[in-house]
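Student: Below are the sequence and a predicted model for it; my questions follow.
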Amino acid sequence: MVQNEKLVQFYYLQYKECAARLKKKNNDGKKNYEERITRLLHEMRNVKTTKLSQPHLEEYHRQIRNLSYYAFRQNNQFAIMEIRDLLMKELVRLDLSDMRPEEQELITVKFLEFLREEKPFEICKRSIKSLSKSYAESGIKNQIIDMVPTRPEMEFPQALEMKRKFILHIGPTNCGKTYQALERLREAQNGVYLGPLRLLALEVYEKMKEYRIPCTMLTGEERIYEENSRIISSTVEMLDIDQKYDVAVIDEAQMIAVPDRGHSWTRAILGVQAPEVHVCMSPAAEKAVIHLISLCGDTCETRRYERKTKLVCEDGAFRFPEDVQEGDALIVFTKRAVLDIAGRLERMGVRASVIYGSLPPEIRRRQIRMFSGHETRVVVATDAIGMGLNLPVKRIVFVHTSKFDGKNTRPLLAAEIKQIGGRAGRYGIYDTGYVNAVGQEGLDYIKEHFDEKEPDVSCVSLGFPQVLLDMDEPLDAILKIWKSVATEPPFEKISIEDMLFLYEKAYRDRKEIDGFEDKHMLYRMLTCSIDIKNRDIVTLWLYYCKTYTADACLHFPALIMCSDSGLARYETFYKMLDLYYQFSVRLGKNIDLERLDREREKTEETIMRYLAKNKKEYIQKCQYCGSLLPLSASFRICDKCFAETRKSKGGRRHLWTGATAGG
Ligand SMILES: Nc1ncnc2c1ncn2[C@@H]1O[C@H](COP(=O)(O)OP(=O)(O)OP(=O)(O)O)[C@@H](O)[C@H]1O
């Protein structure tokens, strides 16, 4: 650290120069400024440093700036002397009293030079502690800029050295683009399929098995290994960029823009080591993908497809439940609504399959099979249905036309309407697919956007470069500062909120976590793909972070760890089993695979039983009078009961007793 006198001198010169540059002030503050200097000095000398907050300290900085202005403007030598010899000394003393010795070490000649050049006169407004924090951050920022290649493709030198040929399969849903790419993949001696869902990886795995091609399925949560496999069917996140393949298929590449997963598609396109790469996507992603290919200097050929069956938006609005027909898929955007509608249908004697995000893939598969095999007549699903799943759906009915996207409830985008609506009219079963919506307003909205051209994908998601894990700084600082460094369009960095959320959790218990200091290890823990909205899952994750070194195997999850009841309890337990697998693989632990398979199967059976028998329980009823709520009710109380609660004056009325609170 520089000597105190040097620091005082630095402060003084900055305040002096700042006074010369400040715009002319009105004269109100001029009154009694000499007296105010003396008063401020007295206050600063007597303030208890333990009680001094940052905003309070920075207020001193600003007051002195104002007083210096008048002293220098008037060339009041006495006041200037007081500022230089007394106030500055006190200010430096108080500033330093708020810093730990290791923080004071940052106050070097270089740091003062940085302040003089990059942040002139900032010291007249901010404490040296906050400025040194910005300095440290700018140091980290510079290191990041040095370490990360300016062009994203440079992160994949092996792929960059190859001459790759891309075949782009472009078309709307259900046009056979994945089919064509897979036809080529099955001829490969060493190929890889990279898709968005565990269920799609499983679908491709099964297709390869049908063709008697040895195949391994690989996802973050399971692996079905076969010796001498010619094909690996996996989720896109699992791509091994050090591995060479003859043919690669990257499916649903329009997902390249998705904030928390899109980077895996970017990584696959830039980094997969295969001379022949097939990319399947909607037309919206064409420009973005071609841009990536041109960055790598590779060649591409485009194959365009038309839908194989017609898709028609119906004229009359759909009425629920009167208009329900065999082959319908009813679309809503919450699990609660899926189960509610399925319950209502079953009450009428219409059996329904259900598909929503938190259902284990095996259950989704069984639900799809029941629908395909006509055991159930309709399917009720969230937009989880939209991604490449092949279902014999004749008509898609949007029960809701807006969805909660994690931040706000917003109307569906044209791309979503196409992706979901396009599921109707499966090739080989139907000649025409139909789309409709519940209520005239809903149908008008769908019609308005049905033929709209999907806007081009405007951004390409970029992942966190792992070379930064070698930096000698805390991981959260690296992540935040990396995120703050601007990128060239069309690239946009992935969202890091989930990682930071888990980091906070781990940080609080860092003393109990072996390897918290090892950023590679910590990163592997933080990037476990888990449902962070589920408290039980986060608790188990943290437990694993703290105990993973205790034994050769992780502790096996127990049902008792799930605080939910009924169906949700088993869904959570299934996620725990997934986490057990995922964490074990990531941290190199042994796995009790037999027990895992057994528990998964048992849990799947229980979930199926719940879905088979108990759906009527999920029908949304008024919490007060028990009457059936309207289909799209946002509240758990009917209008009549709600009006009752409003009627009561002078206190809240308890409907079940008729009594009024407080009287
Ligand atoms: N030439 C074909 N011969 C037989 N079946 C086909 C053919 N083309 C497509 N199909 C079948 O049509 C269905 C839809 O095809 P595919 O999954 O390839 O569509 P897609 O364009 O990739 O749609 P999405 O974007 O929704 O995944 C599948 O069941 C597929 O097996």
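Tutor: Nice, thanks for sending it over.

Student: what's the domain layout of the chain?
Tutor: Using the TED database, the domain parsing of the chain gives 4-147, 153-304, 310-449.

Student: Mean pLDDT, mean neighbour count and distance to the ligand for those domains - can I get that in a markdown table?
Tutor: Any C-beta I mention is one placed from the backbone N, CA and C, and that applies to glycine too. As requested, the domains of the chain are exported to a markdown table (pLDDT from 0 to 100; neighbours: other Cβ atoms under 10 Å; distance: least, Cβ to the nearest ligand atom, whole Å):
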| stretch | mean pLDDT | mean neighbour count | distance to the ligand |
| --- | --- | --- | --- |
| domain 4-147 | 90 | 16 | 37 |
| domain 153-304 | 96 | 20 | 3 |
| domain 310-449 | 92 | 19 | 4 |
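
Student: residues contacting Arg423?
Tutor: Residues in contact with Arg423 (Cβ atoms under 8 Å, 6 or more residues apart in numbering) are Thr173, Asn174, Ala329, Ile385, Gly386, Leu389, Leu391, Val393, Ile396, Gly433.

Student: My guess is the fourth one contacts Leu330. True?
Tutor: It stands for Ile385. No: judged on Cβ atoms under 8 Å, Ile385 makes no contact with Leu330 at a distance of 10.1 Å.

Student: what sits against Asp37?
Tutor: In this structure residue 37 is Ile, not Asp. Applying Cβ under 8 Å, 6+ apart, the residues near Ile37 are Leu67, Ala71, Ala79, Glu82, Ile83, Leu87.

Student: quick one: which of these is nearest Gly626?
Tutor: Closest to Gly626 out of those is Leu67 (71.7 Å), distances taken as Cβ to Cβ.

Student: any idea which element that closest one lies in?
Tutor: Element membership of Leu67, judged by DSSP states H and E, is helix 54-73.

Student: contacting residues around the helix or strand that that helix is followed by?
Tutor: Next helix or strand after helix 54-73 toward the C-terminus (DSSP H and E): helix 77-82. With contact meaning Cβ under 8 Å, 6+ apart, helix 77-82 is reached by Tyr33, Glu34, Ile37, Thr38, Leu41, Leu67, Tyr70, Ala71, Phe72.

Student: Quick check: the fifth one touching Glu90?
Tutor: So that's Leu41. Yes: under the criterion of Cβ under 8 Å, Leu41 makes contact with Glu90 at 6.5 Å.

Student: How much space separates Ser229 from Tyr205?
Tutor: Ser229 sits 10 Å away from Tyr205, going by Cβ to Cβ, to the nearest Å.

Student: Let me fix that, I meant to ask about Gly191.
Tutor: Per Cβ to Cβ, Gly191 is found 12 Å from Tyr205.

Student: same deal with Tyr245?
Tutor: Counting by Cβ to Cβ, the separation of Tyr245 from Tyr205 is 16 Å.

Student: quick one: which of the contacts of Ile37 is nearest to Tyr548?
Tutor: Using Cβ to Cβ, the contacts of Ile37 come closest to Tyr548 at Leu87, 55.2 Å.

Student: thinking that closest one is in contact with Arg65, fair?
Tutor: No: Leu87 is beyond contact range of Arg65, at 10.9 Å (criterion: Cβ under 8 Å).
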